[in-house]
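In: no letters, just coordinates:
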DNA sequence: CTAACATCTGAATAGTTGCTCATATATTCA
DNA sequence: TGAATATATGAGCAACTATTCAGATGTTAG
């Protein structure tokens, strides 16, 4: 292992800490099922768990697990209404990221970002 | 299992196919090491592998593996220069996503997106 | 041609993650 | 109170992924 040359003038990157902070929101959208869940909430507004599952096409237990993870990450907020628990998106950044991606990778009507 | 109620008026989501397409770019940025690699290339411009590794703070073999994956996904382009192989970012969408995230989650000088 | 260098590639491994199943908790209704 | 509904939660498992190590490939210099 000889020292690397560093051709370019001082191309400093980001430290491991910032990389972890930056990659966290991406990992939340990296799973197709979880992305469908977030998308359903962005597009459809506040919903109870079973409606999220029905809209996203995911199992109810799996949906609950994913919503718990999203809630722990601060992406969604939950509120009890009777025996149901309603979820809504609480993170504008995630909404923006999803909108940008949808706009560029689906080339259709984008959620949240436009208008 | 009784049928779900669907309170909201027709909140249709996206199908599994679109979800997979949408989540793919996010998964590429979901790993801290790979994100540092992309970030290094976005910030520092074209570089050879060992310089990418040095800038990103990742092992050389690991960097090579990740660059191969990024190349397969069309995120980076490679070109041989003598015995070195230089990589550069080839996907404007990834650049934009990374820029948006950096702007909102690091609140500092953002790469690519601004100016 | 040989040695050194830069990168690639495959196998093995360890860590992570998302799903399912079963069960627990909480709420409403009769 | 007891049954039904809605969701949460934990354990177990299967699939995926990133890293390391060893060796292969291609390139330049002597």
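Out: Cool, the structure landed. All of these numbers come straight from a predicted model, not from anything done at the bench.
In: quick check: next helix or strand after the helix or strand harbouring residue A:87?
Out: Here residue A:87, judged by DSSP states H and E, is contained in strand A:84-89. Using DSSP H and E, the helix or strand that follows strand A:84-89 in sequence is helix A:92-105.
In: does any bit of that next one sit next to DNA strand C?
Out: No: Helix A:92-105 stays clear of DNA strand C (CB under 7 Å from any atom of the strand), getting no nearer than 14.7 Å. Every residue, glycine included, has its C-beta placed from N, CA and C.
In: quick check: the residue nearest the centre of chain A vs DNA strand C, distance?
Out: Most central in chain A under CA atoms, centre = their mean is residue A:29, positioned 4.0 Å from the mean C-alpha point. Noted for residue A:29: a distance of 10 Å to DNA strand C, by CB to the nearest atom of the strand, to the nearest Å.
In: ok, now which ones touch that residue?
Out: Residue A:29 sits next to A:35, A:38, A:94, A:97, A:98, A:101, B:22, B:23, B:26 when contact means CB atoms under 8 Å, 6 or more residues apart in numbering or on different chains.
In: the same query, at a cut-off of 10 Å, please.
Out: A:35, A:38-39, A:75, A:94, A:97-98, A:101, B:22-23, B:25-27, B:29-30, B:97 (CB atoms under 10 Å, 6 or more residues apart in numbering or on different chains).
In: out of these, which are buried?
Out: A:35, A:38-39, A:75, A:94, A:97-98, A:101, B:22-23, B:25-27, B:29-30, B:97 (16 or more other CB atoms under 10 Å in any protein chain shown).
In: can stretch A:85-92 be said to contact chain B?
Out: Yes: with CB under 10 Å from any CB of the partner chain as the criterion, chain B is reached by stretch A:85-92 at A:86, A:91, A:92.
In: how about that stretch and DNA strand D, touching?
Out: Yes: with CB under 7 Å from any atom of the strand as the criterion, DNA strand D is reached by stretch A:85-92 at residue A:85.
In: for the record, mean pLDDT for the helix or strand harbouring residue A:27?
Out: Element membership for residue A:27, per DSSP H and E: helix A:16-28. Helix A:16-28 carries an average pLDDT of 97.
In: on that earlier part again, list the buried residues in the strand holding residue A:87.
Out: Buried, per 16+ other CB under 10 Å, within strand A:84-89: A:86, A:87, A:89.
In: stretch A:71-84 too?
Out: A:75, A:76, A:78.
In: picking up where we left off before, who are the packing partners of the helix holding residue A:27?
Out: helix A:32-44, helix A:60-72, helix A:92-105, helix B:16-28, helix B:32-44, helix B:92-105 (3 or more CB pairs under 10 Å, 6 or more residues apart in numbering or on different chains; DSSP states H and E).
In: dump those to CSV, plus distance to residue B:71.
Out: Listed next are the helices and strands packed on helix A:16-28 as CSV, based on distance: least, CB to CB, whole Å:
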stretch, distance to residue B:71
helix A:32-44, 23
helix A:60-72, 31
helix A:92-105, 19
helix B:16-28, 11
helix B:32-44, 11
helix B:92-105, 12
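In: now do the end-to-end distance for stretch A:54-65.
Out: Using CA to CA, to the nearest Å, one end of stretch A:54-65 lies 15 Å from the other.
In: is DNA strand C within reach of it?
Out: Yes: using CB under 7 Å from any atom of the strand, stretch A:54-65 reaches DNA strand C at A:58, A:59, A:61, A:62, A:65.
In: filter those residues down to the ones near DNA strand D?
Out: A:61, A:65.
In: please convert the buried members of the residues of stretch A:54-65 next to DNA strand C into PyMOL selection syntax.
Out: The buried residues among the residues of stretch A:54-65 next to DNA strand C can be selected in PyMOL (16+ other CB under 10 Å) with this line:
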select buried, chain A and resi 58
